[in-house]
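Chemist: quick one: sequence and predicted model below, then my questions.
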Amino acid sequence: MKANEILDLLKRRFPNEPEYHQAVAEVLPTIEEAYNEHPEFEKANLIERLCISDRIFSFRVTWTDDKGQVHTNMGYRIQHNNAIGPYKGGIRFHASVNLSILKFLAFEQTFKNALTTLPMGGGKGGSDFNPKGKSNAEIMRFCQAFMLELWRHIGPETDVPAGDIGVGGREVSFLYGMYKKLARENTGTLTGKGIEFGGSLIRPEATGYGNVYFLLQMLETRNIDIKGKVVAVSGSGNVAQYTVEKLIELGAKVVTLSDSNGYIYDSEGIDSEKLQYIMDLKNLYRGRIREYAEHYGCKYVEGGRPWGEKCDIALPSATQNELNGDDAKTLLANGCIAVSEGANMPSTPEAIDEFLKAKILYAPGKAANAGGVSVSGLEMTQNAMKLSWSREEVDEKLKGIMRSIHEQCTKYGTQSDGYVNYVKGANVAGFMKVAKAMMAQGIL
């Protein structure tokens, strides 16, 4: 395999899909050596089969707002690869959603899910519907209309969606309610459900907690204590909130959060009381992060991102490509020693190059933020067994999974000089598991 040739082929076949091309370009060079050690992979044209989704569903979603006006949006589901288990991946509701973004996410999800040690394939879905400013009734009607088409393509042993950006517990509940009515069954077909009807404890916290657990594993390799470290976190949604909660518990000092309008910098640090204000602001009132700055009298930068602020550790937890090469250089100049991604592909290729060149601790999203889908997998297990585990049991299993992911990354990513390239480690570990499963099952 020559990575450049495969990438050129995919660009010709699937033009105008930059995010998908970026995701593939990030993976292929890192697995090229491992791939070429197995001539049977090349004979089976395995890499091209792994890059192209099994199937893609696209459909119109028609719904009515509170004024009786009819709207249409596009809905999608990408079933990328099911070599090691049912398709598994979130549903995203955001105006930016298109095929390129969902294909990149499904591709990434395949490797991420392989790393979790759980039997899950990779998938992703969503719509260009924007839930911001919509009433509960409008969101319910949209979710029901979306599921009216999606339900026929999913199931507990086929494809198990979950939440993502714009799809939280409320939306998952509406989606599941409609699925249950259409399919006439009570199964674990969606994860992230309410505790009352099959959800798992720790699921809302899992992505944020898992990212911090992975960060701790990285810091341990250099005997660094997280206590007292200054941390910049981006985003202010579910992932960011629970990242901050765990960091506060461990004694770190979190100084930033952000949303699509700008970021706040609190030099005194965000404590538990301030975090509760943010959770209420975002989860109950759907407010903007600037209101935190107005309430607590701290710095707010309209339209900015937090990477210019001095910190020891950066945890990008908002969205893709939110941290570019210049941001990376600024972080490094300010003494940043570790970056661990809570979001999917938040660092641009230029930023990743800077981190690896400086040999700081850098964890890509497919490894660091795998805690969310891991606990989704644990939710599937609990649903299948018709039982629920305690908070402590799930948290312990999550810690074990993140520890295992870190071990796989160090196994495949440790260089001759001792530096761990977590990008290469995560990609090769995930790839080898999926590749071996595909080879064992024949050319399909």
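Modeler: Perfect, thanks for sending it.

Chemist: can you give me the neighbour number for R391?
Modeler: 11 (other Cβ atoms under 10 Å). (Each C-beta comes from the backbone N, C-alpha and C, glycine too.)

Chemist: test my guess that it contacts P204.
Modeler: No. With contacts defined as Cβ atoms under 8 Å, R391 does not count as touching P204, sitting 11.5 Å away.

Chemist: can you give me the offset of the helix or strand T30 falls within from its chain's centre?
Modeler: Using DSSP states H and E, T30 sits within helix 18-36. Here helix 18-36 shows a centroid-to-chain-centroid distance of 18 Å under the convention Cα atoms, centre = their mean, to the nearest Å.

Chemist: where do the strands sit along the chain?
Modeler: Counting by DSSP state E, the chain has strands at residues 55-64, 70-81, 87-93, 122-127, 159-163, 230-233, 253-259, 262-265, 299-302, 313-315, 338-340, 361-363.

Chemist: how about the ones you listed, which one is nearest Q382?
Modeler: For Q382, the closest of the strands of the chain is strand 159-163, at 12.8 Å, according to Cβ to Cβ.

Chemist: count the neighbours of the nearest residue to T256 once chain neighbours are set aside for me.
Modeler: In space, and not counting its chain neighbours, T256 is closest to P306: 3.7 Å by Cβ to Cβ, 6 or more residues apart in numbering. By other Cβ under 10 Å, the residues close to P306 number 26.

Chemist: I'd say P306 and D259 touch.
Modeler: No. The pair P306 / D259 is not scored as a contact, 11.1 Å apart, by Cβ under 8 Å.

Chemist: related to what we said a few turns ago, tell me the buried residues in the helix holding T30?
Modeler: 19-28, 30-32, 34-35 (16 or more other Cβ atoms under 10 Å).

Chemist: what's the distance between the residue nearest to T256 and Q320?
Modeler: Spatial separation of P306 from Q320 under the definition Cβ to Cβ, to the nearest Å is 16 Å.

Chemist: angle of the helix ranked longest in the chain against helix 18-36?
Modeler: What stands out as the longest helix in the chain, according to DSSP state H, is helix 391-413. Angle, helix 391-413 to helix 18-36, by axes from the mean of the first three to the mean of the last three Cα atoms, to 10 degrees: 60 degrees.

Chemist: please identify which pair of the buried residues of helix 18-36 lies farthest apart.
Modeler: E19 and A34 (24.5 Å).

Chemist: follow-up on the earlier one: for the strands of the chain, give me JSON lines that also has mean neighbour count.
Modeler: Converted to JSON lines, these look like this (neighbours: other Cβ atoms under 10 Å):
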{"stretch": "strand 55-64", "mean neighbour count": "15"}
{"stretch": "strand 70-81", "mean neighbour count": "20"}
{"stretch": "strand 87-93", "mean neighbour count": "28"}
{"stretch": "strand 122-127", "mean neighbour count": "30"}
{"stretch": "strand 159-163", "mean neighbour count": "26"}
{"stretch": "strand 230-233", "mean neighbour count": "26"}
{"stretch": "strand 253-259", "mean neighbour count": "24"}
{"stretch": "strand 262-265", "mean neighbour count": "22"}
{"stretch": "strand 299-302", "mean neighbour count": "15"}
{"stretch": "strand 313-315", "mean neighbour count": "30"}
{"stretch": "strand 338-340", "mean neighbour count": "27"}
{"stretch": "strand 361-363", "mean neighbour count": "25"}
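
Chemist: these into a markdown table, with extra columns for distance to Q408?
Modeler: Listed next are the strands of the chain as a markdown table, based on distance: least, Cβ to Cβ, whole Å:
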| stretch | distance to Q408 |
| --- | --- |
| strand 55-64 | 29 |
| strand 70-81 | 18 |
| strand 87-93 | 18 |
| strand 122-127 | 17 |
| strand 159-163 | 22 |
| strand 230-233 | 25 |
| strand 253-259 | 28 |
| strand 262-265 | 33 |
| strand 299-302 | 38 |
| strand 313-315 | 21 |
| strand 338-340 | 16 |
| strand 361-363 | 12 |
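
Chemist: and the helices in the stretch 251-400 of the chain, which stretches?
Modeler: 272-279, 290-296, 325-333, 349-358, 365-368, 371-385, 391-413 (DSSP state H, counting those that start in this stretch).

Chemist: what mean pLDDT does the fifth one have?
Modeler: Averaging pLDDT along helix 365-368 yields 97.
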